[in-house]
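Visitor: Below is the sequence, then the predicted model.
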Amino acid sequence: MASTSEVGHAKNIANLNLLNTNIASLGAIYNPSNPKLLLTNLQNIYTSAFSQQENVNNLVAPYSIAVDEREIIFKPLNRELTKLRKAYKATDGVTSVQLEDFMTIVRKLKGVKKSTTVASTNPDEAQTTHSTSQMSYDQRTNNMDLLISLLQNTTNYNPNETAYQITTYQAKKAAMLVKTQAVANAFIPLNNARSTRNATLYNNDDNLVDIANKAKDYLFTILDASSAQYKAIAKIKFKKR
């Protein structure tokens, strides 16, 4: 399954296959002096790019699922912390200073928006976005640790309701750690796969887009501009990001 952000890459790869099909139909008249433009080389580039894109596609889903599962853990916190505040405030002996300490931690816990890392397919941009997001979720987990410590050190805080008990929040923190690490584990192979794919398509000296466009340049020297073959090939586009 490919995300919509992978479509442009897949289009370049599909267009190379289409170009190769057109070249194969020309037979012996396609005879470039540049060995990099030979049909066998173009077919090898296509095969590599297609395989690398499939690898990216296969890794997008696990990463997306990991991000979604992390959000399932973190998203309900805002509502839960509002209720926890009431339980904390109702505890016998809680002072205004303690309540303010509680609210300071809660404000930090609520201050993170959902990650949008999946939207970027540029490995450098994705790495930066992921690192920022990962740090934010790590900070939230650390703030949960501070909240638990505050509850543990508040005299008389021992609610009967399971939802507000310290062990419940300890379990939430453990789940946060697991899900946040799962996102990191899923991101690394995806980002590496995108780097490999992008090198083949755009970044290597003899990348797919440049070689394909050179092959088109050569084709235009051997075909009649008014021919159906020329017009069909002219419509095949190769674009860098």
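Guide: Good, I have the coordinates.
Visitor: what about A24, distance to A184?
Guide: 45 Å (Cβ to Cβ, to the nearest Å). Where C-beta positions appear, they are placed from N, C-alpha and C, glycine not excepted.
Visitor: Same question for D92.
Guide: Distance from D92 to A184, counting by Cβ to Cβ: 42 Å.
Visitor: Who has more neighbours out of those two?
Guide: Comparing D92 with A184 by neighbour count (other Cβ atoms under 10 Å), the higher total belongs to A184, at 14 against 8.
Visitor: which stretch of helix or strand covers the nearest residue to that one once chain neighbours are set aside?
Guide: Among residues not flanking A184 along the chain, Q134 sits closest, at 6.0 Å (Cβ to Cβ, 6 or more residues apart in numbering). Using DSSP states H and E, Q134 sits in helix 123-152.
Visitor: Just name whatever secondary elements the longest helix along the chain is in contact with.
Guide: Counting by DSSP state H, the longest helix found in the chain is helix 39-74. Judged by 3 or more Cβ pairs under 8 Å, 6 or more residues apart in numbering; DSSP states H and E, helix 39-74 is in contact with helix 7-26, helix 123-152, helix 166-198, helix 208-222.
Visitor: For the nearest residue to L26 once chain neighbours are set aside, give its distance to I29.
Guide: Nearest residue to L26, sequence neighbours excluded (Cβ to Cβ, 6+ apart): Q229, at 7.2 Å. Going from Q229 to I29 by Cβ to Cβ gives 10 Å.
Visitor: Out of the helices and strands in the protein, which is least certain?
Guide: In the chain, no helix or strand scores lower on mean pLDDT, DSSP states H and E than helix 123-152, which sits at a mean of 81.
Visitor: Would you mind confirming that F238 makes contact with K214?
Guide: No - applying Cβ atoms under 8 Å, one finds F238 not in contact with K214, separated by 10.0 Å.
Visitor: Have a look at the two and say which one is more surrounded.
Guide: Between F238 and K214, counting by other Cβ under 10 Å, F238 is the more crowded of the two (20 against 15).
Visitor: Quick one: closest of the helices and strands packed on helix 39-74 to Q52.
Guide: Among those, the nearest to Q52 by Cβ to Cβ is helix 166-198 (4.0 Å).
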